[in-house]
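K.L.:
test case, fold it:
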Amino acid sequence: MKCYVIPAPKGIDSLTLVERPDPTPGPRQVLVQVKATSLNYRDLLTIEAQYARSAPKPDLIPLSDGAGEVVAVGPGVSRVKVGDRVAGCFMQRWFGGAISESAMPSAMGGAIDGMLTELAVLEEEGVVKLPAHLSYEEGATLPCAAVTAWNALVEIGHIKAGDVVQIQGTGGVSIFALQFARLFGARVIGTSSSAAKAERLKQMGAEAVIDYRATPDWDQEALKLTGGRGADITVEVGGAGTLPRSFMATRLGGSIAVIGLLSGMATLDPMPILRRNLKVQGLYVGSTQMFEAMNRAIEANGLKPVIDKVFPFAEAKAAYQHLKSQKHFGKIVISHA
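P.N.:
Have a look, this model is predicted:
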């Protein structure tokens, strides 16, 4: 089989196409012919040796997100069968419940090999069936960004109709959060420094989008937009550069799901958390059961992921470069066809 590996994470040019023997599924494992993959910001950090969690395994096959067809199953498999259209789960060993120490080393495209390959062996409990109306390219966008957004809003935020959700920027998590929030009947306030991207957020249902460069005190603007109350749920992807304002833009007793560190790390003053009685929780994607619940909602409502551009398998490096340019709106996909 053909697959891409990262012999040593020294930048996008270190991505190397190689030939490896076709793998065989073991007990309770499935073999997936990968049809499409998608990129996340984590993938760029990994190949540039900037990912803080841990060093990737040697000769890592990158990318956590992919979808394809089951072409073989190992002994004892009962959840899926040959011919099923599936997506791999970000963590191969987090089926349900609270995250455990045993799940952490099973994150694809980092601790273990990922999906930028023709064939992938996955755990039986580490795959989910795709919603029937989605293509492989659309299904490949779901495992990381969509499940993260679902976890933030549903599992942590307990979203309900009429809630106000604050999102930041136009990355994959934020766009999925907008789509899911509207699905639940919530109001959405966004931030973006791009007028064109802000307009697209509004077209997708955002009530207002604040230009954080023109309005550095965007938390005060968010308070004005909510009658001084603040957001019920903030999907926080910025890190140290945005968290202090997220504290102030979230209502008393509201929830902040801490997901990303796009603006870096620093020491933070915990006083606003105490005084505003905030529920601040970090999250690391989500479980197989969360993924399945999300897919039921996606299928029931005909929701379609937003895809910016699809690259052919031979142009995987170009897909990475497009992600690095930050010019995209929506997910960047690689077709393996």
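K.L.:
for Ser14, give me its contacts.
P.N.:
Listed by CB atoms under 8 Å, 6 or more residues apart in numbering, the contact partners of Ser14 are 6-8, 47. No exception for glycine: its C-beta is placed from N, CA and C like everyone else's.
K.L.:
next step: those residues restricted to helices.
P.N.:
The members of those that map onto helices under DSSP state H are Ile47.
K.L.:
tell me which two in the contacts of Ser14 are the farthest apart.
P.N.:
Largest separation among the contacts of Ser14 by CB to CB: Pro7 and Ile47, giving 10.9 Å.
K.L.:
so for the two, which sits in the more crowded spot?
P.N.:
Shown here are Pro7 and Ile47; by other CB atoms under 10 Å, Ile47 has more neighbours (26 against 12).
K.L.:
and which of the contacts of Ser14 is nearest to Thr250?
P.N.:
Looking across the contacts of Ser14 and measuring by CB to CB, the closest to Thr250 is Ile47, at 33.7 Å.
K.L.:
shouldn't that closest one be in contact with Gln321?
P.N.:
No - contact criterion CB atoms under 8 Å: Ile47 and Gln321 do not qualify, at 11.1 Å.
K.L.:
name the helices or strands packed onto the helix or strand containing Leu274?
P.N.:
Assigned by DSSP states H and E, Leu274 belongs to helix 271-275. Packing partners of helix 271-275 (3 or more CB pairs under 8 Å, 6 or more residues apart in numbering; DSSP states H and E): helix 243-249.
K.L.:
next, Ser78: secondary structure please.
P.N.:
Put simply, Ser78 is coil when judged by DSSP: H, G, I helix; E, B strand; the rest coil.
K.L.:
list the contacts of the residue nearest to Thr37 when sequence neighbours are not counted.
P.N.:
Of all residues not flanking Thr37 in the chain, Gly66 sits nearest, at 4.1 Å (CB to CB, 6 or more residues apart in numbering). The contact partners of Gly66, taken as CB under 8 Å, 6+ apart, are 32, 34-38, 87-88, 114-116, 120, 140, 143.
K.L.:
which parts of the stretch 101-250 of the chain are helices?
P.N.:
Applying DSSP state H, counting those that start in this stretch to the stretch 101-250 of the chain gives helices spanning 136-139, 147-150, 172-183, 195-203, 218-225, 243-249.
K.L.:
between those, which gets nearest to Met108?
P.N.:
Distance to Met108, taken as CB to CB, is lowest for helix 147-150 among those, at 12.5 Å.
K.L.:
what residues does the closest one touch?
P.N.:
Contacts of helix 147-150 (CB under 8 Å, 6+ apart): 89-90, 173-174, 176-177, 179-180, 235, 259, 283, 285-286, 290-291, 293-294, 297.
K.L.:
CA atoms of that helix as PDB?
P.N.:
Extracted in PDB, the C-alpha atoms of helix 147-150 (Å, rounded to 0.1, in the frame of the first residue of the first chain):
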ATOM      1  CA  VAL A 147     -16.800  15.700  17.600                       C
ATOM      2  CA  THR A 148     -14.900  18.400  19.500                       C
ATOM      3  CA  ALA A 149     -17.700  20.900  18.800                       C
ATOM      4  CA  TRP A 150     -20.400  18.400  19.800                       C
END
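K.L.:
please, which helix or strand holds the residue nearest to Thr37?
P.N.:
Counting by DSSP H and E, Gly66 is found in strand 65-73.
K.L.:
what's downstream of that strand, the next helix or strand?
P.N.:
Defined by DSSP H and E, the subsequent element after strand 65-73 is strand 85-88.
K.L.:
relative to that next one, what are the paired strands and their orientations?
P.N.:
Strand pairing for strand 85-88, determined by DSSP bridges: strand 65-73 (antiparallel), strand 127-129 (antiparallel).
K.L.:
any idea what sits nearest the residue positioned nearest the centre of the chain, other than its immediate chain neighbours?
P.N.:
Note on the chain: the residue nearest the mean C-alpha position is Ala145, at 1.4 Å, using CA atoms, centre = their mean. Using CB to CB, 6+ apart and skipping residues adjacent in sequence, the residue nearest Ala145 is Gly172, 3.2 Å away.
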